[in-house]
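In: 3D, please:
(4 chains)
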Number of protein chains: 2
Amino acid sequence: MARWQPDARGRLERAAFELFVEQGFAATTVPQIAERAGLSTRTFFRHFADKRDALFAEEHAVPEQAARIIAEAPASLGPLQIVVDGFDAVAAAQFSREKSYYIARHRIIESDDGLRERQLRMPAALVEALRTGFEKRGSDPIDALLAAHLTATVFSVSIGRWLGSPSDEPLAALLRDTFDRMRRTASS
Amino acid sequence: MARWQPDARGRLERAAFELFVEQGFAATTVPQIAERAGLSTRTFFRHFADKRDALFAEEHAVPEQAARIIAEAPASLGPLQIVVDGFDAVAAAQFSREKSYYIARHRIIESDDGLRERQLRMPAALVEALRTGFEKRGSDPIDALLAAHLTATVFSVSIGRWLGSPSDEPLAALLRDTFDRMRRTASS
DNA sequence: ATTCTGATGTCACGCAATGTCATCACTCAA
DNA sequence: TTGAGTGATGACATTGCGTGACATCAGAAT
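Out: Prediction:
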């Protein structure tokens, strides 16, 4: 028999999410999270840099997948052509839970300034991953950075539309539509 | 005679900047900043929400000026036409100090994760200000949001180019050049 | 002269976050 | 079989952030 219950990190994540829903983010203390997960406060900080991080445990996957898609794309494609084709895969892989989960999570984030700020790190990391990927394919550095920003914009705006839309329009469709509108806006 | 020395907030800003340069951000404590400014620790937190904020005291001016420019623009212009015309004014008003100051500040920010994250709030606030301004002029909400993102992208990329360029190319020229390249990238 | 206002100081406190050392199960090699 | 090594956790102490509550005092308002 194992000395410790398995999946300490997952237990901390779930305990944190539950408590944030029940009491709000600000009113929840790290000792409370650790206690619900059956672990010590110190152990929480071994898995997460700070209290907010428990809500952002999965975000690293988005830039990682983006980098993979770019690296594996045919050399003939330009930056924006790659990402359009990759949207479906990202939408499927990164938003596989029930939509209600992402809505609840979004509500928590919007309730706290620190969380809103923390949320900005994912798009920034995505830009950096995309920029690096495009540069490795030979893009001019500034063009690579701009293409990365445009892509991250489409991504962020689409997620916002998806979370805000009462209908259950699939994220992949919103990504394509937002991409088209971005292009039209840029050339207007 | 005044009871207190004037410009408490400015003294705190300058003391913080000096200490960040001398010792680094992480090694500087709020009591140290307050002591150098001749004020109490409590007073520091009356002027700034946290230690990082002392480095971002002026950032609110960018979104504010952007909102003003949009509100005062001729009704005949589209979102992106407005901002291109406004770049010069923003560059002149918001980056009026010696370039070495912005470089030193940039070096401090890059040295700390918390500051890097904090820095993301300005572009986010700029997007929000632009989006609101465009919407008030009758733009479709999503088009307004996209135009706001594109504008903020041009702004962020241009500042990055300006800070990183050894030559002293004027920021306004970089803004225009980045804007043109963004358009070309979007339609590629 | 009295009241009001606004900025500051003083004190106390909870909590975040980190360093350090101990603990204990599990692994693997001798 | 045993003993050293490994890795995750617990226990404890500490520092500094950030806030609430109340007092203080100059100048403005009336």
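
In: At the geometric centre of chain A, which residue do we find?
Out: Among the residues of chain A, the smallest C-alpha distance to the mean C-alpha position (Cα atoms, centre = their mean) belongs to residue A:59, namely 3.9 Å.

In: I'd assumed residue A:123 was in contact with that one.
Out: No. In this structure residue A:59 lies outside contact range of residue A:123 using Cβ atoms under 8 Å: 9.7 Å. Every residue, glycine included, has its C-beta placed from N, CA and C.

In: Look up phi and psi at residue A:50.
Out: Backbone dihedrals for residue A:50, given as degrees, to the nearest 10, come out at phi -160, psi 180.

In: Burial check on it, number of neighbours?
Out: By other Cβ atoms under 10 Å in any protein chain shown, the residues close to residue A:50 number 12.

In: same question, the one 10 residues further on
Out: If you count neighbours by other Cβ under 10 Å, residue A:60 ends up with 12.

In: OK, contacts around it?
Out: Contact partners of residue A:60, counting by Cβ atoms under 8 Å, 6 or more residues apart in numbering or on different chains, are residue A:125.

In: Tell me the spacing between it and residue A:106.
Out: In this structure, residue A:60 and residue A:106 are 19 Å apart, going by Cβ to Cβ, to the nearest Å.

In: Name the nearest residue to the residue in chain A positioned nearest to chain B, sequence neighbours excluded.
Out: Chain B sits closest to residue A:186 of chain A, with a gap of 3.5 Å, by Cβ to the nearest Cβ. Closest residue to residue A:186 in three dimensions, ignoring its sequence neighbours and counting by Cβ to Cβ, 6 or more residues apart in numbering or on different chains: residue B:186, at 3.5 Å.

In: my read: that neighbour touches residue A:181, true?
Out: No. Here residue B:186 does not reach residue A:181: they are 11.1 Å apart, not a contact under Cβ under 8 Å.

In: still on that earlier bit, if I look at the residue nearest to residue A:186, how far off is residue B:90?
Out: Residue B:186 sits at a distance of 21 Å from residue B:90 (criterion: Cβ to Cβ).

In: Counting neighbours, what do you get for the residue of chain A closest to chain B?
Out: Taking other Cβ under 10 Å as the neighbour definition, residue A:186 ends up with a count of 19.

In: Repeat that for residue A:42.
Out: For residue A:42, which is what you asked about, the neighbour count (other Cβ under 10 Å) is 9.

In: Find out how far the lowest-mean-pLDDT helix or strand in chain A is from the centre of the chain, if you would.
Out: None of the helices or strands of chain A scores lower by mean pLDDT, DSSP states H and E than helix A:79-94, at a mean of 95. Taking Cα atoms, centre = their mean, to the nearest Å, one finds helix A:79-94 lying 14 Å from the centre of the chain it belongs to.

In: swap in stretch A:168-176?
Out: On Cα atoms, centre = their mean, the centre of stretch A:168-176 falls 16 Å from that of its chain.

In: likewise stretch A:75-91?
Out: Going by Cα atoms, centre = their mean, the spacing between the C-alpha centre of stretch A:75-91 and its chain's C-alpha centre is 18 Å.

In: in it, what counts as buried?
Out: Judged by neighbour count using 16 or more other Cβ atoms under 10 Å in any protein chain shown, the buried positions of stretch A:75-91 are A:79-80, A:82-84, A:86-87, A:90-91.

In: which of the residues you listed lies closest to residue B:18?
Out: Ranked by distance to residue B:18 (Cβ to Cβ), the buried residues of stretch A:75-91 are led by residue A:79 at 42.6 Å.

In: For the closest one, which non-adjacent residue is closest in space?
Out: If you skip the residues right next to it in sequence, residue A:79 has residue A:147 as its closest partner in space, 3.8 Å away by Cβ to Cβ, 6+ apart.

In: Can you give the distance of the helix or strand hosting that neighbour from its chain's centre?
Out: Under DSSP states H and E, the secondary-structure element containing residue A:147 is helix A:141-164. If you compare the mean C-alpha spot of helix A:141-164 with that of the full chain, they lie 12 Å apart, counting by Cα atoms, centre = their mean.

In: Contact partners for the spatially closest residue to the residue nearest to the centre of chain A that is not a sequence neighbour?
Out: Take residue A:59 and drop its neighbours on the chain: the residue closest to it by Cβ to Cβ, 6+ apart is residue A:122, 4.5 Å away. The neighbourhood of residue A:122, defined by Cβ under 8 Å, 6+ apart, consists of A:56, A:59, A:62-63.

In: Pick out the most distant pair among the residues you listed.
Out: Maximum pairwise distance in these, criterion Cβ to Cβ, is 12.3 Å, between A:56 and A:63.
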